[in-house]
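1. Sharing a model prediction with you, sequence too.
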Amino acid sequence: MEREQIIENYFESWIDKNNAILRKTFDPNIIYSESYGPEYHGLHAIESWFEDWTKRGTVFVWNIKQFIHQGNLTAVEWYFKCEYEAEVEEFDGVSLIEFSNDNLIVNLKEFQSKIPHYYPYK
């Protein structure tokens, strides 16, 4: 499967609350860093996080704006909107994703840019 499709399927799994894709997406020794600090080590931790998060939250939108590829690395620019514990959040973000030779994700780092953007020198 093409790397872009793997990422698209993963993002969609959050909207669908479908964890079936996780084992097809991540290496067992994955290291995953969320944009606001939490870090998960190993597929088991990812599965636990997914199950816990989707019980308390809903992803409404996780739209991909663009992909940038270099070797085994892919950068993805995206827009994200969710409700978590009755609070709605939205932000822009970037994920830096490292793939194994088997096209499994071995490292993923997320970064966010808060919305709304503003122009202090307008």
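-> That came through fine.
2. Contacts only, for the residue nearest to Y10 when sequence neighbours are not counted.
-> Leaving out its chain neighbours, the residue that sits closest to Y10 by CB to CB, 6 or more residues apart in numbering is T25, at 5.1 Å. All C-beta atoms are positioned from the backbone trio N, CA, C, and that covers glycine. Going by CB atoms under 8 Å, 6 or more residues apart in numbering, T25 touches I6, N9, Y10, L104, I105.
3. same thing but at 7 Å, please
-> I6, Y10, L104, I105 (CB atoms under 7 Å, 6 or more residues apart in numbering).
4. Looking at those residues, spot the one nearest Y79.
-> Nearest to Y79 among the contacts of T25 is Y10, at 15.6 Å by CB to CB.
5. How many neighbouring residues does that closest one have?
-> 20 (other CB atoms under 10 Å).
6. do T74 as well
-> T74, neighbours per other CB under 10 Å, totals 20.
7. quick one, phi/psi of the nearest residue to it once chain neighbours are set aside?
-> Take T74 and drop its neighbours on the chain: the residue closest to it by CB to CB, 6+ apart is I97, 4.7 Å away. Note on I97: its backbone torsions stand at phi -120, psi 130 [degrees, to the nearest 10].
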